[in-house]
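Student: sequence unknown, structure follows:
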Ligand SMILES: [Ca+2]
Ligand SMILES: [Ca+2]
């Protein structure tokens, strides 16, 4: 039996897919000739006289046409993907004067949530497929910063025993204050690259987190961010539908299969779907609206929250930058978005040409006269891969996926 032409032969280079498939496609139109064989010396006598020859030519033309169309579609897809990633975009700098890097934070600060008392929680050390990580052997941690202090410093919070700290891989976070004043921190965690939601109780005096519960559910997969809306009730975003190699196909075909999940102990359901890559999520000051960022589609969905926790879409705010996490300015209600100006630089990390950072403010998000302005923009020379910005009393913290964190006095 003759080997398939593409079968590797020791000492010979392995042919490409095109080199293998093209002769087969062409040969398939003439059933008498084995693929890869030299053309017969007398084609008319061997297989084709009259009708046979025409069939052979038509087959070849069809195969070549199909190949041409496939290559054209493939090229078009690549162009579209580069556009979606803002692959050729460079940022114009917008840098407030009083900003400095936070000394203690060197390994990411993906999400930041600030309490009304000025205590900021910061998730650090995220390990995420396709993203750089400068300390891959170090587990993630939650840092605290007291923004009421004159020169606030970040301090890692202790975590109670009984929780696997070595596997801690914190991503999106959200705080919840119970009526009695107890503060809870909900954290999207990726132990072994899976997704769980961890509930901690915050002990302010001890500067520690007491682990209370791990939540897992089949709808809570590939989680990115979370917003807590009641005791053990939250919305969370799923940023990828597939968790295996199909995720590449998902991105390539731009399937809009990701969604927002509502979780409560008695009910778990998908409440909004059709996102290319649902990412940051937060709630309006009056707690009536949920804001969801679609990082791949470069927009923010304004959703109305209903009694039964369902969400309906009111409007979409289109931006020219890839939106990661969202927060709300506690004095104005404006949305602050941590954004990636050029996702190609983020995915193909090069320290010589690093990904930049960008923070966008959206005023009057609920009206037709919203106003979008850039609060911060840097080409990566100071801050790389910004993912969040959060404000307290004219002080702004900007966090990043894998890099440093910035403190700005506005
Ligand atoms: Ca968050
Ligand atoms: Ca995020």
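Tutor: Received, thanks. Everything numeric in this text was worked out from a predicted model, so none of it was measured. Residues are numbered from 1 along each chain as shown. Ligands and ions are numbered 1, 2, ... in the order given.

Student: name the element residue 249 belongs to?
Tutor: helix 246-253 (DSSP states H and E).

Student: next helix or strand past that helix?
Tutor: strand 258-264.

Student: buried set for that next one?
Tutor: Within strand 258-264, the residues that qualify as buried are 258, 259, 260, 261, 262, 263, counting by 16 or more other C-beta atoms under 10 Å. Backbone N, C-alpha and C define where each C-beta goes, glycine included.

Student: just the strands in the stretch 201-350 of the chain please.
Tutor: Taking DSSP state E, counting those that start in this stretch as the test, the strands found in the stretch 201-350 of the chain are 208-215, 223-230, 233-238, 258-264, 267-275, 278-283, 289-294, 299-305, 311-318, 322-328, 335-340.

Student: save those as TSV, and put in mean pLDDT and distance to ligand 2 too.
Tutor: Listed next are the strands of the stretch 201-350 of the chain as TSV, based on pLDDT from 0 to 100; distance: least, C-beta to the ion, whole Å:
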stretch	mean pLDDT	distance to ligand 2
strand 208-215	98	19
strand 223-230	98	5
strand 233-238	98	8
strand 258-264	98	12
strand 267-275	98	13
strand 278-283	98	5
strand 289-294	98	8
strand 299-305	98	13
strand 311-318	98	17
strand 322-328	98	5
strand 335-340	98	8
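
Student: take these and lay them out in a markdown table including distance to residue 146.
Tutor: Below are the strands of the stretch 201-350 of the chain laid out as a markdown table (distance: least, C-beta to C-beta, whole Å):
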| stretch | distance to residue 146 |
| --- | --- |
| strand 208-215 | 15 |
| strand 223-230 | 21 |
| strand 233-238 | 25 |
| strand 258-264 | 30 |
| strand 267-275 | 35 |
| strand 278-283 | 22 |
| strand 289-294 | 27 |
| strand 299-305 | 30 |
| strand 311-318 | 33 |
| strand 322-328 | 18 |
| strand 335-340 | 20 |
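
Student: please identify the most buried of those.
Tutor: strand 335-340 (a mean of 28; mean count of other C-beta atoms under 10 Å).

Student: who are the packing partners of it?
Tutor: strand 278-283, strand 322-328, strand 357-363, strand 386-392, strand 395-400 (3 or more C-beta pairs under 8 Å, 6 or more residues apart in numbering; DSSP states H and E).

Student: list, one by one, the residues from this structure near ligand 1.
Tutor: Counting by C-beta under 5 Å from the ion, the chain comes close to ligand 1 at 111, 172, 225.

Student: how much space separates the closest residue to the second one other than its chain neighbours from residue 89?
Tutor: It refers to residue 172. Excluding the flanking residues, the one nearest residue 172 by C-beta to C-beta, 6 or more residues apart in numbering is residue 225, at 3.0 Å. Distance of residue 225 to residue 89, given as C-beta to C-beta, to the nearest Å: 24 Å.

Student: which helices and strands does the longest helix along the chain pack with?
Tutor: Taking DSSP state H as the criterion, the chain has its longest helix at helix 51-84. Secondary-structure packing of helix 51-84 (3+ C-beta pairs under 8 Å, 6+ apart): helix 17-27, helix 246-253.

Student: rank these by pLDDT, which is bottom?
Tutor: Looking over the helices and strands packed on helix 51-84, mean pLDDT reaches its minimum on helix 17-27, with a mean of 35.

Student: just the pLDDT at residue 352, thanks.
Tutor: pLDDT, residue 352: 97.

Student: which residues touch the residue nearest to residue 300 when sequence neighbours are not counted?
Tutor: Nearest in space to residue 300, with sequence neighbours left out and distances taken as C-beta to C-beta, 6+ apart, is residue 317 at 4.5 Å. By C-beta atoms under 8 Å, 6 or more residues apart in numbering, the contact set of residue 317 is 299, 300, 302, 362, 365, 370, 372.

Student: may I ask you to confirm that the first one is in contact with residue 322?
Tutor: Spelled out, it's residue 299. No. The pair residue 299 / residue 322 is not scored as a contact, 9.8 Å apart, by C-beta atoms under 8 Å.

Student: which residues does the residue of the stretch 1-150 of the chain found nearest ligand 1 bridge with?
Tutor: With C-beta to the ion, the shortest gap between the stretch 1-150 of the chain and ligand 1 falls at residue 111, namely 4.6 Å. Assessed by DSSP bridges, residue 111 has beta-bridge partners residue 123.

Student: from residue 295, how far out is it?
Tutor: 14 Å.

Student: likewise residue 173?
Tutor: 17 Å.

Student: circling back to that earlier point, now do the buried residues in the longest helix of the chain.
Tutor: 52, 56, 59, 60, 63, 81, 84.

Student: ok and the residue in the stretch 201-350 of the chain nearest ligand 1?
Tutor: residue 225 (4.5 Å).

Student: list the contacts of that residue.
Tutor: When contacts are counted by C-beta under 8 Å, 6+ apart, residue 225 touches 111, 171, 172, 174, 188, 236, 237, 279, 280, 281, 325.

Student: next: residue 384.
Tutor: Counted by C-beta under 8 Å, 6+ apart, residue 384 has contacts 354, 355, 356, 357, 400, 402, 403, 404.

Student: ok, now residue 141?
Tutor: With contact set as C-beta under 8 Å, 6+ apart, residue 141 has these partners: 124, 125, 156, 157, 168, 170.

Student: and these, which of them are buried?
Tutor: Among the contacts of residue 141, the ones that count as buried by 16+ other C-beta under 10 Å are 124, 125, 157, 168, 170.

Student: can you redo the residues you listed as TSV with distance to residue 248?
Tutor: As requested, those are exported to TSV (distance: C-beta to C-beta, whole Å):
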residue	distance to residue 248
124	28
125	25
157	36
168	28
170	26
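
Student: in strands only, show me those residues.
Tutor: Counted as lying in strands by DSSP state E, out of the buried ones among the contacts of residue 141, are 124, 170.

Student: between the buried ones among the contacts of residue 141, which is nearest residue 253?
Tutor: residue 170 (30.6 Å; C-beta to C-beta).

Student: the closest one contacts residue 128, doesn't it?
Tutor: No. Using C-beta under 8 Å as the test, residue 170 is too far from residue 128 to be in contact (10.9 Å).

Student: any weak-confidence spans in the stretch 51-200 of the chain?
Tutor: Of all residues in the stretch 51-200 of the chain, none has pLDDT under 70.
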